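>>> Everything below, folded, please.
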Amino acid sequence: MISVTVRRLADPSEEEVERAVQILSNAFKDDVGMESFSGGSARIQRDIFRRTIRACLAHGEVYIGLVDGRAYGVAASIAPGADWAFYDQEDFTKDLSSYLDEWYTYHYIPTYEELYRYALPSGQRGRRDAWNLKFVAVDPECQRKGIGRALLGAVCKQADAGEKCVTADVKSPNLVQWFRKSGFTHRAVKNFTSRDSAGFPLWCMVRDPVRQAD
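Below is the predicted model:
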């Protein structure tokens, strides 16, 4: 049985950041959501991953899951009160194709906002008040070894300590079930379309804080 270690990234080296980006790239290969977000561009996908990791380092937390000292998993989340999205960054949107820029503006963003209006009584504000899990992923060569569960556990433990919810956007029915096993509940779902993929559903999953024993 392998031994999994979870470590919070603090002041990481460029090599550690790029390893986290590579894990996400491997884990989300052929993912229909990422195909839509990037217009099918591997360069844009890696840019999304890199921006998200750096934002979570600055405004939240990033954990890595290690096996024999090498990182094979990553979980990145934005802290309560520090709402952030890569598509809100002007230096990201300015280089998008006209189609992709319009897709975000007129389809993805308004549909996403509607998802949270259905999911939480206070909508987007409710998400800002929670830990917002941006990614939890494990390199395919090391999946089904407990790394993802350990990473998610670290995120939930941090949220419980501050008596905060955790929100997660989930694109797969199998992952919906996986999150449910860690105490998340399905609050709402919306379907997204795109010319660059078959389209995808997005479930809003929420985990309420668990009170710590005295």
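>>> ranges for the strands of this structure?
Ranges of strands within the chain are 4-8, 60-67, 70-78, 131-138, 166-170, 185-192, 200-207, based on DSSP state E.
>>> quick one: the longest one to chain centroid distance?
Looking back up the chat, that one is strand 70-78. 10 Å (CA atoms, centre = their mean, to the nearest Å).
>>> outside of that strand, which residues touch it?
Applying CB atoms under 8 Å, 6 or more residues apart in numbering, the external contacts of strand 70-78 come out as 16, 19-20, 23-24, 52-53, 55-56, 59-66, 84, 131-139, 141-142, 147-148, 150-152, 154-155, 166. C-beta: built from backbone N, CA, C; applies to glycine.
>>> If any of these are buried, give me the PyMOL selection for them.
To isolate the buried ones among the contacts of strand 70-78 in PyMOL, judged by 16 or more other CB atoms under 10 Å, type:
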select buried, resi 19+20+23+24+52+53+55+56+60+61+62+63+64+65+66+84+131+132+133+134+135+136+137+138+139+142+147+148+150+151+152+154+155+166
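>>> ok, back up a step: mean pLDDT and distance to Lys94 added to the strands of the chain, as CSV?
Listed next are those as CSV, based on pLDDT from 0 to 100; distance: least, CB to CB, whole Å:
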stretch, mean pLDDT, distance to Lys94
strand 4-8, 95, 33
strand 60-67, 96, 25
strand 70-78, 97, 23
strand 131-138, 97, 22
strand 166-170, 96, 25
strand 185-192, 96, 23
strand 200-207, 96, 25
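>>> Out of these, which is closest to Leu100?
strand 185-192 (13.3 Å; CB to CB).
>>> Touching that closest one from outside, list them.
33, 36, 107-108, 111-112, 114-116, 118-120, 176, 180, 199-207.
>>> about what we covered before: export the strands of the chain to TSV and append columns for distance to Ala42.
Formatted as TSV, those follow (distance: least, CB to CB, whole Å):
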stretch	distance to Ala42
strand 4-8	28
strand 60-67	22
strand 70-78	18
strand 131-138	16
strand 166-170	22
strand 185-192	20
strand 200-207	18
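>>> Mind giving me the packing neighbours of the top helix by length along the chain?
Of all segments of type helix in the chain, defined using DSSP state H, the longest is helix 42-59. Using 3 or more CB pairs under 8 Å, 6 or more residues apart in numbering; DSSP states H and E as the contact test, the elements touching helix 42-59 are helix 14-27, helix 32-38, strand 70-78, helix 90-93, strand 131-138.
>>> That one: which residues count as buried?
For helix 42-59, by 16+ other CB under 10 Å, it's 44-57.
>>> which residues sit against that helix?
Contacts of helix 42-59 (CB under 8 Å, 6+ apart): 9, 12, 17, 20-21, 24-25, 28, 34, 37-38, 62, 74, 76-79, 82, 84, 86, 89, 92, 96, 134-135.
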